[in-house]
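[1] Sharing a model that was predicted from the sequence below.
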Amino acid sequence: MSIPQSGGGPIEHPGQLAEYLASGCKPADQWRIGTEHEKFGWLTDSRKPLPYEGSASVRAILEGLRDRFGWTEVREGEALIGLTRNGANVSLEPGGQLELSGAPLVDIHETRAELDMHLAEVAAIADPLGVRFMGIGAAPEWHHEDMPVMPKGRYRLMTDYMGRVGTHGTQMMYRTCTVQVNLDFASEADMVKKLRVALALQPVATALFASSPFFDGQPNGHRSWRSRIWRGLDDARTGMLPFVFEDGFGFERYADWVLDVPMYFVYRDGRYVDARGQSFRDFLAGKLPALPGEIPTLSDWADHLTTVFPEARIKKYIEMRGADAGSRAHLTALPAFWTGLMYDAGALDAAWDLVKGWSAETRQDLRVAASVSALQGEAGGLRLRDLAREALKLSRAGLAARGKDEGRFLEVLDLHAATGRTQADDLLSAWEGAWSRDFAPLYPAVSL
């Protein structure tokens with residue numbers, strides 16, 4: 001999850017909210033690729049989650065990266081909560097998941113090099129401590145009470161609020177991991193087309209990257225339990241955003257939706273002020289109960305934008321949010337998949353032609369089918385395996401048009417589409433077969 005935003009002055013009129021989003025528009029030669037991934041740390045002697053404190057801990061990993069590899073620390077009060085270096089950030093999810101938010105990069109080769117360097121640095125610190133990190137969409141056997149709690153004020157507020165508004169919010173916070181990519185747009189029209197394609201094809205990504213068939217120590221009946229969790233979190237701030245497909249959609253309509261999402265907090269002077277359930281519209285009018293008389297800044301707006309969680313979302317770029325974390329190959333395949341679809345005009349037009357006739361009901365039903373059955377799912381007469389094959393064909397063509405030899409990063413996804421089997425299917429087969437329903441072999445098998 002995001003760190004506090006900075007650099008914005010007072011909001012003097014509501015139009016600044018959409019203008020903030022529109023300020024992300026840039027010409028194609030300035031488009032970049034920003035990849036984020038989360039991973040669970042585990043103790044090799046006990047298979048327990050990595051605690052925040054101690055000789056083998058989250059803090060020890062952060063301190064080691066800082067001291068040995070030149071990262072600059074980020075603190076909240078006295079607590080070390082993250083690192084920054086050369087446009088990239090290392091941050092903490094609520095249950096101690098270590099996240100790399102990568103720098104904006106030119107191509108997938110740079111993405112892979114960044115990933116390899118990060119994982120090598122983490123391993124250099126973690127291995128001597130008896131710590132490893134695994135790429136998987138949901139913690140397979142840890143229970144909620146097993147999870148550490150990171151010392152971040154944002155998470156304390158969110159944990160309580162999640163328990164009031166949905167059924168699965170704390171599961172998402174403490175026991176899931178994702179991989180996502182952040183991509184640019186040239187104009188409002190370009191953003192609209194990209195966001196529509198991103199939302200419609202997000203179930204295909206969910207299916208291709210499904211890796212969370214276990215939860216609480218048993219199969220959960222889904223190939224992507226992480227995706228299932230997002231459907232039971234908070235309807236006010238999640239989902240497939242049907243209004244994006246309506247005529248007239250643009251930056252202003254998106255900003256209007258975000259305005260009506262209840263707030264979590266306001267960040268002031270190094271602390272999180274509790275504004276749970278309050279209205280950003282009231283904040284604009286100087287009537288926020290948490291800070292009466294104060295007017296929000298653009299930094300407050302940027303913070304509020306990080307508290308909406310649809311399957312694809314806008315900041316000054318578009319985030320693709322539908323995939324489970326997975327192996328090193330999958331962590332590179334995700335940005336390759338979406339870059340091929342989004343950064344070539346021909347591929348994007350063809351992808352829009354593929355999805356533009358789908359109804360909101362079909363898009364939602366595909367989302368559910370992907371969560372339950374991954375590539376074996378279907379809805380509205382559409383089979384996710386067929387859609388994956390077509391989307392991969394378009395993505396590969398888009399990557400080829402870029403002329404950077406990036407198509408090879410899709411090979412792991414081509415195999416899934418060819419066989420109909422995902423990471424989740426392979427994990428279930430191994431657990432039922434060679435592992436004799438023992439989770440011990442799973443941890444090294446999915447470690448990065």
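    Yep, that arrived. Keep in mind it's a predicted model, so treat the numbers as computed, not measured.
[2] Pretty sure K193 sits in a strand.
    No. Counting by DSSP: H, G, I helix; E, B strand; the rest coil, K193 is not part of a strand but helix.
[3] helix, strand or coil for the closest residue to it other than its chain neighbours?
    By the measure of CB to CB, 6 or more residues apart in numbering, the closest residue to K193 outside its immediate chain neighbours is W352, 5.8 Å from it. (C-beta placed from N, C-alpha, C; glycine too.) Reduced to three states with three-state DSSP, the structure at W352 is helix.
[4] Wait, W352 touches K194, no?
    No. Counting by CB atoms under 8 Å, W352 stays clear of K194, with 9.2 Å between them.
[5] Please say which of the two ends up with more neighbours.
    Neighbour comparison, W352 and K194: the larger count goes to K194, with 26 against 15 (by other CB atoms under 10 Å).
[6] Would you map the helices across the stretch 251-400 of the chain?
    251-259, 280-284, 298-305, 328-342, 345-355, 360-373, 384-402 (DSSP state H, counting those that start in this stretch).
[7] so which of those helices is the most packed in?
    Most buried of the helices of the stretch 251-400 of the chain, by mean neighbour count (mean count of other CB atoms under 10 Å): helix 328-342, with a mean of 26.
[8] Averaging pLDDT per element, find the lowest-scoring helix or strand in the protein.
    Sorting the helices and strands of the chain by mean pLDDT, DSSP states H and E puts helix 153-165 at the bottom, at a mean of 81.
[9] Can you mark which positions in the helix or strand following that helix are buried?
    Heading C-terminal from helix 153-165, the first helix or strand you meet, by DSSP states H and E, is helix 169-175. The neighbour-count check on helix 169-175 (16 or more other CB atoms under 10 Å) flags G169, T170, Q171, M172, M173, Y174, R175 as buried.
[10] wouldn't M263 be in contact with L284 here?
    No. At 11.6 Å, M263 and L284 do not qualify as touching, with contact defined as CB under 8 Å.
[11] Could you give the number of residues near N86?
    9.
[12] residues touching the closest residue to it other than its chain neighbours, list them.
    Leaving aside its sequence neighbours, N86 sits nearest to A103 (CB to CB, 6+ apart; 6.0 Å). Shown in contact with A103 (CB atoms under 8 Å, 6 or more residues apart in numbering): G34, N86, G87, A88, E114.
[13] so what secondary structure elements neighbour the least confident helix or strand of the chain?
    Packing partners of helix 153-165 (3 or more CB pairs under 8 Å, 6 or more residues apart in numbering; DSSP states H and E): helix 169-175, strand 265-268, strand 271-274.
[14] Serialize these to JSON lines and add fields for distance to L43.
    Below are the helices and strands packed on helix 153-165 laid out as JSON lines (distance: least, CB to CB, whole Å):
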{"stretch": "helix 169-175", "distance to L43": "16"}
{"stretch": "strand 265-268", "distance to L43": "32"}
{"stretch": "strand 271-274", "distance to L43": "30"}
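[15] Please, where are all the helices along the stretch 101-250 of the chain?
    Using DSSP H, counting those that start in this stretch, helices in the stretch 101-250 of the chain cover 108-126, 153-165, 169-175, 188-208, 225-230.
[16] Could you tell me which residues within the second one count as buried?
    When burial is assessed from 16+ other CB under 10 Å, helix 153-165 yields the following buried residues: G153, R154, Y155, R156, L157, M158, Y161, M162.
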